[in-house]
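K.L.:
Okay, sequence plus prediction incoming.
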Amino acid sequence: MIVACTALPHVASAIVFDFDDVDFTDGLLDQSFDIDPDNEGDDIRISFTKDNDYFQEYDGQQSPYTSGLFGDGTAPSEESLALIVNFGEETLRVRVRVDFLYESGVSAVQLPIYDIDVGSDAGGGAFTFTDQVSQIRSRMVAGDWTYVDASTIALDASTNAYSEANNSIYGIAGSDNNAAEGNILVEFGDAEMKRLTFLYSNFTATTPDDPALQGIGIGDIEYTPILVPEYNQAALCLGLVALGYVSTRRRAA
């Protein structure tokens, strides 16, 4: 008798990448972190590309940096990752990239983004800046890369400072940095991925040529690793072998 043992995917418990607990170096544009003891090596990587030389120093810290500057208005406020920029043109943007360093990827990814709003009135229907978060996507290696657009929900649906269209969220009113307004929760549901990306920029239709200082915050990132533990596969194989052995003995009897 031949028993074929096949590895079955196993989904682990949810992991929270908590900015209160990690040591994020101010201003460093590519950092990796080891937070999951069940996954060998680093588990998550956060990097910033494209027009990343427009990050600014604010309150004595070089962005990107962790602080309680941005949040959802709850007290006491938690740490989030502050992205403070001063783009020289309204068309410039920063790409935010989060890599999940798991062999089989992750699922159930969620992350909040805080304070998507506008600056002061610049006249003619424009504002000194108009925060925009766009092209929120994930990619999973399965032969070719496959794009999956995120869904977004308001953290407080009754008080929004933004509008949403075509996977783009942009400010339409001002809000305090750490308040209920202007916040979203990005969700990918059951999509399996190894990377998520989005662009932080200005909504050009309501932004002048030289935007003012602006910023958003990235909250704690939640995800569930997709694992194939060797001990589960071994246990399955032993069980199948034992079942086959008993079945063979019964037929022989």
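P.N.:
Alright, I've got the coordinates. Here the structure is a predicted model, which means the values were calculated and not measured.
K.L.:
Do a quick rundown of the helices in this structure.
P.N.:
230-252 (DSSP state H).
K.L.:
where in it is pLDDT low?
P.N.:
Applying pLDDT under 70 to the chain picks out residues 1-11, 141-146, 229-253.
K.L.:
and if we set it to 90?
P.N.:
1-12, 73-77, 137-168, 180, 191, 227-253 (pLDDT under 90).
K.L.:
Quick check: longest strand in it by residues?
P.N.:
strand 131-142 (DSSP state E).
K.L.:
May I have that strand as PDB, with CA atoms only?
P.N.:
C-alpha atoms of strand 131-142 as PDB (Å, rounded to 0.1, in the frame of the first residue of the first chain):
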ATOM      1  CA  ASP A 131      -4.300  64.700   1.200                       C
ATOM      2  CA  GLN A 132      -4.800  61.800  -1.100                       C
ATOM      3  CA  VAL A 133      -4.300  58.100  -0.600                       C
ATOM      4  CA  SER A 134      -4.600  56.100  -3.800                       C
ATOM      5  CA  GLN A 135      -3.800  52.900  -5.600                       C
ATOM      6  CA  ILE A 136      -4.200  50.800  -2.400                       C
ATOM      7  CA  ARG A 137      -3.300  47.400  -3.700                       C
ATOM      8  CA  SER A 138      -1.900  44.000  -2.700                       C
ATOM      9  CA  ARG A 139       0.300  41.500  -4.600                       C
ATOM     10  CA  MET A 140       0.600  37.800  -4.100                       C
ATOM     11  CA  VAL A 141       3.100  35.600  -6.000                       C
ATOM     12  CA  ALA A 142       1.300  32.800  -7.700                       C
END
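K.L.:
Are there helices or strands packed against that strand, and which ones?
P.N.:
strand 144-149, strand 168-171, strand 195-202, strand 214-218 (3 or more C-beta pairs under 8 Å, 6 or more residues apart in numbering; DSSP states H and E). For glycine as for every other residue, the C-beta is placed from the backbone atoms N, C-alpha and C.
K.L.:
What about the residue lying closest to residue 190 once chain neighbours are set aside, how many residues nearby?
P.N.:
Nearest non-adjacent residue to residue 190, counting by C-beta to C-beta, 6 or more residues apart in numbering: residue 107, 5.8 Å away. Neighbourhood size, residue 107 [other C-beta atoms under 10 Å]: 20.
K.L.:
next one: residue 39
P.N.:
So residue 39, with other C-beta under 10 Å, has 19 neighbours.
K.L.:
quick one: it and residue 102 touch, right?
P.N.:
Yes - look at residue 39 against residue 102 with C-beta atoms under 8 Å: they come within range, at 5.9 Å.
K.L.:
rewinding a little: can you pull the contacts of the residue nearest to residue 190?
P.N.:
Listed by C-beta atoms under 8 Å, 6 or more residues apart in numbering, the contact partners of residue 107 are 11, 188, 190-193, 223-224, 226.
K.L.:
ok, of the residues you listed, which come out buried?
P.N.:
Neighbour-count burial (16 or more other C-beta atoms under 10 Å) is assigned, among the contacts of residue 107, to 188, 191-193, 223-224, 226.
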